[in-house]
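Asks: model this:
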Amino acid sequence: MNTKFIRHRKQLDKMKKELLDQMDVTEGLQEHQGLRDATQELSVIDNHPADIASENYERAKDISLHEKNLLILRKVDKALERMDLGLYGVCENCGKTIPADRLDAIPYAEFCIHCKRKTEVPPHNYPRPIEELSLPFARSYMGDKDYTGYDGEDAWQDVAQYNKLNHVYYEETNDENDETNGAVEDTDRISNEEYRDQLPD
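Replies: Numbers count the residues shown, from 1 in each chain. This next block holds a predicted model:
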């Protein structure tokens, strides 16, 4: 083992011990298959739905943290292995030396910062929310190009045309005042006083 990595060996050993200690607390987490087993109750029917939601949330959070700890533990073990083989501190992708600053921050780092950036998803340069890329109309929108075929803009216009219904008079619907606002039927517009006047004495 290279003596310049003694500090990092201590860091990795300490990190491994802390991860194992945390995992001892959640040792039985994976044994429970369902919510009933996790809460150790015979039935969750008599509980308030919010109590069950809280249990569900806490269980999901515990499992996520446990899985994260397992992932980091594997990386720490791999880094210790690489240290024993004399390969620690070398990028697994390009073979260049990983800077000591990066190893101080993340002692189990597998890649140099340049290769790590390549593996991460690059930021998109799409001007609209990225979720719109999954919509069929957004993907075929050609408004900014000189395109004369049927595209997403034409599809939106076709759909918008069906919003204008012949039997609906839009002038009447746009002219709601305080009395008609929120009324579903004509009977909803009758005030309590008008109703009382209709009752026999």
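Asks: Just the pLDDT at the residue lying closest to Gly89 once chain neighbours are set aside, thanks.
Replies: Residue nearest to Gly89 in three dimensions, not counting chain neighbours: Ile98, with 5.2 Å by CB to CB, 6 or more residues apart in numbering. All C-beta atoms are positioned from the backbone trio N, CA, C, and that covers glycine. Confidence at Ile98, expressed as pLDDT, is 92.
Asks: Over to Lys17?
Replies: 93.
Asks: so Cys115 sits right up against Cys91, yeah?
Replies: Yes - under the criterion of CB atoms under 8 Å, Cys115 is in contact with Cys91, at a separation of 5.5 Å.
Asks: Can you name the residues that contact the residue nearest to Gly89?
Replies: When contacts are counted by CB atoms under 8 Å, 6 or more residues apart in numbering, Ile98 touches 89-91, 109, 111-112.
Asks: Out of those residues, which end up buried?
Replies: Taking 16 or more other CB atoms under 10 Å as the criterion, what is buried in the contacts of Ile98 is 89, 91, 109, 111-112.
Asks: Which two of those have the greatest separation?
Replies: Pairwise distances across these peak at 11.6 Å for Gly89 and Phe111 (criterion: CB to CB).
Asks: which intervals of the protein have sub-threshold pLDDT?
Replies: 1-3, 25-49, 121-124, 132-145, 147-148, 163-184, 188-189, 195, 201 (pLDDT under 70).
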